[in-house]
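A.B. asks: need a 3D model of the following:
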Amino acid sequence: MDISRITLVACAVLCAAGAVSAGPIGELNISLGGMFPQGNYARYTDPGFTLDVRATFHIPKVGFAAGWVDASLAFFGSDESFVEVVDDPYIKGADQTVSEWTVSLHGGLQFGVDTRRGFFRPRAALGPGLYLFQTDTRLEVPGMEEPLSSESEGQLRFGWRGVAGVDLFFVTKWGLSFDFTYDHVLGLDHVDEYLPGGQLVRTARTARYQSYMVGITIPFETMGEGP
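C.D. replies: Take a look at the predicted model:
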């Protein structure tokens, strides 16, 4: 899944570079918060931390509507346990660390107030997204310098994101943002059971996430100005 990961990062960088170089009317937002899974699927169900970078581009002569793109990273945490592994001809004890995280890209339309001067600026946005969910598993035997094994398993999925939020501009050059974000991911694998022969059976389920975020919003036209 390395190619998919590189592609997602490259798209995010190109979007950010285009926003700065083209000089459109809009804002850059950087937010941090918590992500809370909603559902009973087996993986990616622990609450986590999320980082989001969003660029908004206002449509000329349609002040209440804007286009937006964002890139997000969420980390669901790591679980550590002690397991026994077969390293022929021996059985060894090892420390197992399982880490789960996701990166995603979204884009769509945003609707809000038609003002560049107001203090209170509510908004709502909706758009499709591409999600890469990743599980990294690492086995380490005490006393060994190198890990016994290190594996990564990824799932690339489609979905959509809805955002409801508000920007509070105490000064003209930047504002505070408060957002509620809903992510709807289609066909995320659900681990069902192991069959007697050792085969892992999975069924696809819809995954849902709610995030609460706080950040800072900076208009493009004020980025080159001093404090």
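A.B. asks: pull out the buried residues from the longest strand seen in the chain.
C.D. replies: When the chain is parsed with DSSP state E, its longest strand is strand 62-87. Neighbour-count burial for strand 62-87, counted by 16 or more other Cβ atoms under 10 Å, picks out 66, 67, 68, 69, 70, 71, 72, 73, 74, 76. Placement of C-beta: from N, CA and C, glycine included.
A.B. asks: check stretch 121-134 too.
C.D. replies: Within stretch 121-134, the residues scored as buried using 16+ other Cβ under 10 Å are 121, 123, 125, 126, 127, 129, 130, 131, 132, 133, 134.
A.B. asks: what strand or helix carries the residue nearest to the first one when sequence neighbours are not counted?
C.D. replies: Nearest residue to residue 121, sequence neighbours excluded (Cβ to Cβ, 6 or more residues apart in numbering): residue 167, at 4.3 Å. Counting by DSSP states H and E, the element that carries residue 167 is strand 149-168.
A.B. asks: what angle do the helix or strand following that strand and strand 149-168 make?
C.D. replies: Downstream of strand 149-168, the first helix or strand assigned by DSSP H and E is strand 175-194. Taking axes from the mean of the first three to the mean of the last three Cα atoms, to 10 degrees, strand 175-194 and strand 149-168 form an angle of 150 degrees between their directions.
A.B. asks: CA-only coordinates of strand 175-194 in PDB, if you can.
C.D. replies: Extracted in PDB, the C-alpha atoms of strand 175-194 (Å, rounded to 0.1, in the frame of the first residue of the first chain):
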ATOM      1  CA  GLY A 175     -10.000  33.200  13.400                       C
ATOM      2  CA  LEU A 176     -10.800  30.200  15.600                       C
ATOM      3  CA  SER A 177     -12.700  27.300  14.100                       C
ATOM      4  CA  PHE A 178     -15.000  24.700  15.700                       C
ATOM      5  CA  ASP A 179     -16.100  21.700  13.700                       C
ATOM      6  CA  PHE A 180     -18.300  18.600  13.900                       C
ATOM      7  CA  THR A 181     -17.300  16.100  11.200                       C
ATOM      8  CA  TYR A 182     -19.100  13.000  10.100                       C
ATOM      9  CA  ASP A 183     -17.300  10.400   8.000                       C
ATOM     10  CA  HIS A 184     -19.200   7.600   6.200                       C
ATOM     11  CA  VAL A 185     -16.800   4.800   4.800                       C
ATOM     12  CA  LEU A 186     -18.200   2.200   2.500                       C
ATOM     13  CA  GLY A 187     -17.200  -1.500   2.700                       C
ATOM     14  CA  LEU A 188     -14.700  -1.500   5.500                       C
ATOM     15  CA  ASP A 189     -13.700  -5.000   6.400                       C
ATOM     16  CA  HIS A 190     -15.300  -6.600   9.400                       C
ATOM     17  CA  VAL A 191     -13.400  -9.500  11.000                       C
ATOM     18  CA  ASP A 192     -16.100 -12.200  11.600                       C
ATOM     19  CA  GLU A 193     -14.400 -15.400  12.700                       C
ATOM     20  CA  TYR A 194     -11.700 -18.000  12.100                       C
END
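A.B. asks: done for today, thanks.
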